[in-house]
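S.K.: Have a look at this prediction, sequence included:
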Amino acid sequence: MRGTAASPGIAIGPAAILRKGQLKIEERRLDEAAVGTEIERFRAAVEVSRRQLEEVTARAERETGPETAAIFRAHLLFLDDPEIVDAIEERIRSGRRNAEAIVAEVIAEQAMALAALDDAYLAARAADVRDVGDRIIRNLLNPEGVGGAVGSGEPSGRRHVLFAHDLAPSDTAQLDRRSVLAFVTEAGGPTSHTAIMARALGIPAVVGVGDLLTSGHEGETVIVDGGQGTVILSPDQTVLMEYERRADEVAARRRERERLKDLPAETIDGRRVELAANLGHPREAGPALEHGPDGVGLYRTEFLFLDRSTLPGEDEQYEAYRAVAEAFGKRPVIIRTLDIGGDKEVPALGLERETNPFLGWRALRISLQRRDLFRTQLRALWRAAAHGNILVMFPMVATVDEVRQAKAALAEARAELVAEGKPCGVRIPVGIMVETPAAAVAADILAREVEFFSLGTNDLIQYTLAADRVNEKVAYLYDPFHPAVLRLIARTVEAAHSAGIWCGMCGEMAGLVEAVPFLVGVGLDELSMNAPSVPVVKEAIRAMSAAKAAELARRALDAESGARAREILAGRE
């Protein structure tokens, strides 16, 4: 059976089918005297849900890091959303109906409204709203909160491959990794929160497998290839032995890659490429270093601003930047200034919802208009620069004037610190993210203003192809190997080198092994990726010739489609 590859890895084991039945909700009419009690019962269920989500968030933070924990912090925000909570209480009062029925009604309306939005980020939140709503309803039906987690129906005990129609993010977060070898779902896509959770947990997963539950049977042997999006039911002995061999090879290669940790990412003909790690929180520094990166190519600073009612002060930011700078010592740490907009929950900033936040007031555009915000972050960066090798990178650049304004603000921040007699760095190299087509096309102009480029391919691809990367309906258009994308990358690298500056890449494309021949071939100097991908990409680079990669890249640039470019780069033409 074919689906969408959601999390790589090979797993073999018996199927265990999770059939989550519909919550049985009986509507009841209330006497006027009972309305107050019913509202209190609803509030109590919300508080139980809050405690459960706080536990799930803490577990996610501890086991899988801040990116997945942020999913559940957003769930917690729903519990305080007046459009949901106040609406439920008002309907209990006016309709005199029981809380379960009202919660189901309001959640369904909210989810439908989100799902209908043109903005795919907000539309995707429909699944999160339903997840929170189900949790509240279960806690209303079970006031003690036992089994209140949405995934309480999960098969337990023996090691198994989990089959389900769909898994909510909270289901996935609570999977027992000791017993769940892999999971397969009928619904979902590679950019869903469930897929993100699977990758963070290291569980092989395939999603979007139609008719899974009617085709699969409890207890039958199943092979899941999360990298290829393949599920094999009841394999014969020949197929089983082949996949057992592949699984052993994967494990052996993983051990071999770890032995490359202290070796450079250098081609067989001597071309060196720097491999760096993307970080989203100071806690990720230690685990990232275990994979042998040459530095940090992207340190996201958004974690300091999300899911809080107050803005982080200068000292708090300084400590967060200093921690990573000290952990990496002399190795470079590229810190990206705040990259946020109306698509994210930032109560302290008071950002308004925008019709199209990805094309609106975000990232550097906010920083240049909210100078108080920008000044605080830049001062913290300068202070942290006294403790390590820090570089700064400005996101979402479209014009040269934006770069000049940002550089002036950076210089002013240091001048203030010097005047105050506070310790700070002597120099911070300045770069920009090339993630808008405007920046890529005008790269030769922008290169005169900065010391490095870093290609943010996640946004560059979606802006170039007008295809939102989290919208499953246009997922077929989101292609890193599309000719337009490859040509913009090559153009940017050429402009950088012509101006005497280096060019890196920090988008997800940097960690794609199948893209490495092109990236090396067009001359990228640095690739930054999720830390576990560093040894995988290093292995690929050390096995290739830079001259051969350059030849393949030239041919890929002439390809008429992404599919053809892939064939060329894989040597399958």
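M.R.: It's in. It should be emphasised that the depicted structure is a prediction, and the values quoted were computed from it without experimental measurement. Residues are numbered from 1 along each chain as shown.
S.K.: Show me which residues of the longest helix anywhere in the chain are buried.
M.R.: When secondary structure is assigned using DSSP state H, the longest helix within the chain turns out to be helix 35-63. Along helix 35-63, the positions that meet the burial threshold by neighbour count (16 or more other C-beta atoms under 10 Å) are 35, 38-39, 41-42, 45-46, 48-50, 52-53, 56-57, 60-61. (Glycine included, C-beta is placed from N, CA and C.)
S.K.: Hmm, which of the residues you listed is lowest in pLDDT?
M.R.: Looking at pLDDT alone, those dip lowest at Glu61, where the score is 69.
S.K.: coming back round to it: which of the buried residues of helix 35-63 lies closest to Ala6?
M.R.: Looking at the buried residues of helix 35-63 and their distance to Ala6, the nearest is Ala60, at 17.5 Å (C-beta to C-beta).
S.K.: right, and that closest one touches Arg73 too?
M.R.: No. Because the distance of 9.2 Å does not satisfy C-beta atoms under 8 Å, Ala60 is recorded as not touching Arg73.
S.K.: returning to what we had before: quick one: list the elements packing against the longest helix of the chain.
M.R.: Contact here means 3 or more C-beta pairs under 8 Å, 6 or more residues apart in numbering; DSSP states H and E; on that basis helix 35-63 packs against helix 66-78, helix 82-95, helix 99-115, helix 120-141, helix 169-173, helix 193-201.
S.K.: then stretch 481-497 to CSV, C-alphas only?
M.R.: The C-alpha coordinates for stretch 481-497 follow below in CSV (Å, rounded to 0.1, in the frame of the first residue of the first chain):
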residue,chain,number,x,y,z
PHE,A,481,13.8,20.6,-7.5
HIS,A,482,11.5,22.8,-9.6
PRO,A,483,13.6,24.5,-12.4
ALA,A,484,12.7,27.9,-11.1
VAL,A,485,13.9,27.1,-7.6
LEU,A,486,17.1,25.5,-8.8
ARG,A,487,17.9,28.5,-11.0
LEU,A,488,17.3,31.0,-8.2
ILE,A,489,19.6,29.1,-5.9
ALA,A,490,22.3,29.0,-8.5
ARG,A,491,21.9,32.7,-9.3
THR,A,492,22.2,33.6,-5.6
VAL,A,493,25.4,31.5,-5.1
GLU,A,494,26.9,33.1,-8.2
ALA,A,495,26.1,36.6,-7.1
ALA,A,496,27.6,35.9,-3.6
HIS,A,497,30.8,34.6,-5.0
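S.K.: sorry, back to before: please work out which of the helices and strands packed on helix 35-63 is packed deepest.
M.R.: Among these, ranked by average contacts under mean count of other C-beta atoms under 10 Å, first place goes to helix 169-173 (a mean of 26).
S.K.: just how off-centre is it within its chain?
M.R.: Distance of helix 169-173 from its chain centroid, counting by C-alpha atoms, centre = their mean, to the nearest Å, is 16 Å.
S.K.: Output it in CSV, but only the C-alpha positions, please.
M.R.: Presented in CSV, the C-alpha positions along helix 169-173 are these (Å, rounded to 0.1, in the frame of the first residue of the first chain):
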residue,chain,number,x,y,z
PRO,A,169,-0.9,15.5,18.0
SER,A,170,-1.7,14.6,21.6
ASP,A,171,-2.2,10.9,20.5
THR,A,172,1.2,10.9,18.9
ALA,A,173,2.9,12.6,21.8
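S.K.: Work out the sheet partners of the helix or strand following it and label each with its direction, please.
M.R.: Under the assignment DSSP states H and E, the closest C-terminal helix or strand after helix 169-173 is strand 180-185. Here the strand partners of strand 180-185, with direction, are listed using DSSP bridges: strand 160-164 (parallel), strand 205-207 (parallel).
S.K.: ranking these by burial, who's on top?
M.R.: The most buried one of these (mean count of other C-beta under 10 Å) is strand 205-207, showing a mean of 29.
S.K.: re earlier: relative to helix 99-115, how tilted is the longest helix of the chain?
M.R.: Orientation check (axes from the mean of the first three to the mean of the last three C-alpha atoms, to 10 degrees): helix 35-63 against helix 99-115 gives 50 degrees.
S.K.: any idea of the angle helix 35-63 forms with helix 120-141?
M.R.: Using the same axes, to 10 degrees, one finds that helix 35-63 and helix 120-141 are set 120 degrees apart in direction.
S.K.: Distance from helix 35-63 to the middle of the chain?
M.R.: Here helix 35-63 is found 25 Å from its chain centre; the criterion is C-alpha atoms, centre = their mean.
S.K.: Hey, what's the angle from that helix to helix 66-78? Just curious.
M.R.: Regarding helix 35-63 and helix 66-78, their directions subtend 170 degrees when assessed with the same axes, to 10 degrees.
S.K.: re the thing from before, nearest to Gly292 among the helices and strands packed on helix 35-63 would be which one?
M.R.: Closest of the helices and strands packed on helix 35-63 to Gly292 is helix 193-201, at 20.4 Å (criterion: C-beta to C-beta).
S.K.: Quick check: phi and psi at Ile232.
M.R.: Ile232 adopts backbone torsions of phi -110, psi 120, taken as degrees, to the nearest 10.
S.K.: doesn't Glu242 make contact with it?
M.R.: No. Contact criterion C-beta under 8 Å: Ile232 and Glu242 do not qualify, at 10.1 Å.
S.K.: of these two, who's got more company?
M.R.: Neighbours per residue (other C-beta atoms under 10 Å) separate Ile232 from Glu242, with Ile232 holding more: 16 against 12.
S.K.: Which residues are in contact with the more buried one?
M.R.: With contacts defined as C-beta atoms under 8 Å, 6 or more residues apart in numbering, the neighbours of Ile232 are 1, 222-223, 225, 239, 243.
S.K.: Ile335 in helix, strand or coil?
M.R.: Ile335 carries the three-state label strand when classified by DSSP: H, G, I helix; E, B strand; the rest coil.
S.K.: ok, now Phe358?
M.R.: Using three-state DSSP, the secondary structure recorded for Phe358 is helix.
S.K.: tell me the contacts of the nearest residue in space to Glu326 that is not next to it in sequence?
M.R.: Closest residue to Glu326 in three dimensions, ignoring its sequence neighbours and counting by C-beta to C-beta, 6 or more residues apart in numbering: His387, at 5.3 Å. When contacts are counted by C-beta under 8 Å, 6+ apart, His387 is found next to 322, 325-326.
S.K.: most surrounded residue in those?
M.R.: With neighbours set by other C-beta under 10 Å, the maximum within the contacts of His387 is found at Ala325, which has 26 neighbours.
S.K.: a helix runs through it, doesn't it?
M.R.: Yes. Looking at Ala325 with three-state DSSP, it is inside a helix.
S.K.: so it sits right up against Arg383, yeah?
M.R.: No. Look at Ala325 against Arg383 with C-beta under 8 Å: they stay out of range, at 10.3 Å.
S.K.: could the contacts of His387 go into a markdown table alongside distance to Ala447?
M.R.: A markdown table is the format used below for the contacts of His387 (distance: C-beta to C-beta, whole Å):
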| residue | distance to Ala447 |
| --- | --- |
| Arg322 | 30 |
| Ala325 | 26 |
| Glu326 | 31 |
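S.K.: quick one: average pLDDT of the longest strand seen in the chain?
M.R.: Scanning the chain for the strand with the most residues, using DSSP state E, yields strand 10-18. Taken as a whole, strand 10-18 carries a mean pLDDT of 90.
S.K.: angle of that strand against strand 180-185?
M.R.: 70 degrees.
S.K.: What strands flank strand 10-18, and is each parallel or antiparallel?
M.R.: On the basis of DSSP bridges, the sheet neighbours of strand 10-18 come out as strand 160-164 (parallel), strand 221-225 (antiparallel).
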